[in-house]
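Novice: 3D, please:
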Amino acid sequence: MRSIEPTRRLMANRPLAALVGAGAVSGAGDWLYLTALPVLVYQRTGEPALVGLAAAGRLLPFLLLSLPAGIVADRFSPRSILVSTELIRCVAMLLIAWLCTMGADICGTIGLTLVAAAAGTFSMPALGVLVPDLAADDEQLGQANAIRATLDSLAGVIGPAFACVLIVVGGLPIAFGLNGLSFAAVALALLVCRPAARPAGSSAGIMAPGPDRAPGPGWTTIARRIAGPLALDGAISFASAAIGILAVLIAVDWLDTDASFTGLLNAGAGLGGIAGGLVAGTLINRADRRGVLVGVVAFVGATLVLGATAVPLFAVAAMGVAVGALILLDTLNMTTIQRLTSDGGTGRAIGLLHTGAAIWMMAGVLVPTLCMTTLGVQAAILVPAIVMLGLGAVSLLAGTQPRVGTADIMSPLPAVA
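Specialist: Numbers count the residues shown, from 1 in each chain. You can find the predicted model right below:
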């Protein structure tokens, strides 16, 4: 019963529960979009280079706008930011669906993807600030993040499968339209489920809500506090990008199977992500450092298995463990950042995190493929394990994690040295 009680408390917090639920719907819509967009670009142009350009272009706003987005999230109401950005993304997706139906030139579609990506860049730090705003206490914050991670992983299984069905039956416009409606669901949840007004001086919630937010700590203080999480996020971002590329190389060049086996590897990854979110829920309010250690060891071990086994079933299981470990680490890491910056710097901390993540993701795509060309697929598979081991060790040695407890949530948290 004790394990169920935190979930019941979260469901009783209607604004937070609505945000988590709507975010899961939006996550499924995102997977529809990410699966359908490359197909649309390739169908209209027949140029693989343009498919890559469209994918790379989506990362540019993430790289260039993450720091400004973090500043905005710290200075203005994150709820207002989210409503605005989700409505912008909704309109952009519905316009893409319309252009797709009309058979319009692909340039307009790519332009709208950039608009949606730019709005999404502002929505991510706002969401990172809003969740602790709505959480009643530190324990509920951790539980909300764990449930979000589990539902996002479930969306990663359902979304691509549904997208494949739509692609087969010629329903690409439907995929973009449904993604647009999923953004509208988030905006509607934020508008309908307003948080209850808190008495003046109330300490409810992890952070002080509203547009009149305190300036919070400076950039130097924030960077010092989150030095460990920044290192760990670099490992997570590099490994996530590398695993996505390596799935094809493992299927074709290492396991000597058909390229379609990539689908089974991705299915294993999706199930592993769900498991990783569930494990995060059991560890997030008990032992953050131990969870990080478990995640790093699990990822490195699973990657070594991927590089050593020639048995397809073992490879699928290892892929699931690797992705589950990444979800566990990402959930613990984001919660740690929110706890370490509870005095007003969460938006800027997430802005720093995402700027670095874009660079690490690009490296995660390029470095393993270069290693594949020069040293072979086994060496390429080992690269993310080496990066995870090194940066994971840096993260664990960088400083203390915030202590978890329900007593006096507003008391200062120990900073990362």
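Novice: from here on, contacts and neighbour counts on C-alpha atoms
Specialist: Fine.
Novice: which elements pack onto the helix or strand of the chain with the lowest mean pLDDT?
Specialist: Within the chain, no helix or strand scores below helix 48-57, which has a mean of 70 by mean pLDDT, DSSP states H and E. In terms of contacts (3 or more CA pairs under 8 Å, 6 or more residues apart in numbering; DSSP states H and E), helix 48-57 is packed against helix 14-45.
Novice: how is this protein divided into domains?
Specialist: If you go by automatic domain parsing, the domain ranges for the chain are 5-192, 219-398.
Novice: same list, those domains, but as JSON lines with mean neighbour count please.
Specialist: Below are these laid out as JSON lines (neighbours: other CA atoms under 10 Å):
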{"stretch": "domain 5-192", "mean neighbour count": "21"}
{"stretch": "domain 219-398", "mean neighbour count": "22"}
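Novice: angle of the least confident helix or strand of the chain against helix 14-45?
Specialist: If you take axes from the mean of the first three to the mean of the last three CA atoms, to 10 degrees, helix 48-57 sits at 160 degrees to helix 14-45.
Novice: what does helix 48-57 rub up against?
Specialist: P38, V41, Y42, I110, L114 (CA atoms under 8 Å, 6 or more residues apart in numbering).
Novice: now, which of those residues sits nearest A12?
Specialist: Nearest to A12, judged by CA to CA, of the contacts of helix 48-57 is L114 at 37.3 Å.
Novice: ok so, going back, just name the lowest-scoring one in the contacts of helix 48-57, pLDDT-wise.
Specialist: Within the contacts of helix 48-57, the minimum per-residue pLDDT falls on Y42 (80).
Novice: hmm, back to that, make TSV out of the contacts of helix 48-57 and add distance to G170.
Specialist: Listed next are the contacts of helix 48-57 as TSV, based on distance: CA to CA, whole Å:
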residue	distance to G170
P38	14
V41	14
Y42	14
I110	20
L114	24
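Novice: find the pair from those with maximum spatial separation.
Specialist: Y42 and L114 (17.6 Å).
Novice: so, low pLDDT: which residues of the protein?
Specialist: Residues of the chain that meet the criterion pLDDT under 70 lie in 1-6, 48-49, 52, 195-215, 248-249, 251-263, 287, 310, 399-417.
Novice: which residues touch T369?
Specialist: I245, A380.
Novice: quick one: name whatever helix or strand follows the helix or strand where it lies.
Specialist: Per DSSP states H and E: T369 is located in helix 346-375. Counting by DSSP H and E, the next helix or strand C-terminal to helix 346-375 is helix 377-398.
Novice: quick one: residues in contact with that next one.
Specialist: Contacts of helix 377-398 (CA under 8 Å, 6+ apart): 227-232, 234-236, 238-239, 242-243, 246, 249-250, 253-254, 289, 292-293, 296-297, 299-300, 303-304, 306-308, 364, 367-372, 416-417.
Novice: quick one, it and helix 346-375 angle?
Specialist: Using the same axes, to 10 degrees: helix 377-398 against helix 346-375 is 150 degrees.
Novice: how far away is M372 from A379?
Specialist: M372 is 7 Å from A379, where distance means CA to CA, to the nearest Å.
Novice: swap in S80?
Specialist: For S80 relative to A379 (CA to CA), the value is 47 Å.
Novice: so G281 is in contact with A146, correct?
Specialist: Yes - if you go by CA atoms under 8 Å, G281 and A146 touch, sitting 4.9 Å apart.
Novice: downstream of the helix or strand that contains A92, the next helix or strand is which one?
Specialist: Assessed by DSSP H and E, A92 sits inside helix 78-102. Going down the chain from helix 78-102, the next helix or strand is helix 106-134, by DSSP H and E.
Novice: chain center to the helix holding A92: distance?
Specialist: 19 Å (CA atoms, centre = their mean, to the nearest Å).
Novice: check stretch 294-305 too.
Specialist: On CA atoms, centre = their mean, the centre of stretch 294-305 falls 20 Å from the chain's centre.
Novice: same deal with stretch 70-81?
Specialist: 19 Å.
Novice: again with stretch 348-359
Specialist: On CA atoms, centre = their mean, the centre of stretch 348-359 falls 12 Å from that of its chain.
Novice: go on, stretch 229-242?
Specialist: Remark: stretch 229-242 is offset 11 Å from the chain centroid, using CA atoms, centre = their mean.
Novice: likewise for stretch 377-395?
Specialist: That offset, for stretch 377-395, works out to 20 Å (CA atoms, centre = their mean).
Novice: again, but for stretch 116-135
Specialist: When distances are taken as CA atoms, centre = their mean, stretch 116-135 is centred 11 Å away from the chain's centroid.
Novice: now swap in stretch 126-144 and tell me
Specialist: With CA atoms, centre = their mean, you get 16 Å for stretch 126-144.
Novice: what's the span of it, first residue to last?
Specialist: Start-to-end, stretch 126-144 (CA to CA) is 16 Å.
Novice: got the contact list for L112?
Specialist: Per CA under 8 Å, 6+ apart, neighbours of L112: A92, M93, L95, I96.
Novice: report the two of those residues separated the most.
Specialist: Longest span within those, CA to CA: A92 and I96, 6.3 Å.
Novice: which parts of the stretch 151-300 of the chain are helices?
Specialist: 172-192, 219-225, 227-249, 261-283, 288-308 (DSSP state H, counting those that start in this stretch).
Novice: tabulate those helices (a markdown table), appending distance to S84.
Specialist: Formatted as a markdown table, these follow (distance: least, CA to CA, whole Å):
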| stretch | distance to S84 |
| --- | --- |
| helix 172-192 | 8 |
| helix 219-225 | 26 |
| helix 227-249 | 27 |
| helix 261-283 | 29 |
| helix 288-308 | 34 |
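Novice: nearest to D30, of the ones you listed?
Specialist: helix 172-192 (6.0 Å).
Novice: from the chain's centre, how far out does the closest one sit?
Specialist: Centroid separation for helix 172-192 versus its chain: 18 Å, with CA atoms, centre = their mean.
Novice: what's it packed up against?
Specialist: Short answer (3+ CA pairs under 8 Å, 6+ apart): helix 172-192 packs on helix 14-45, helix 78-102, helix 138-168.
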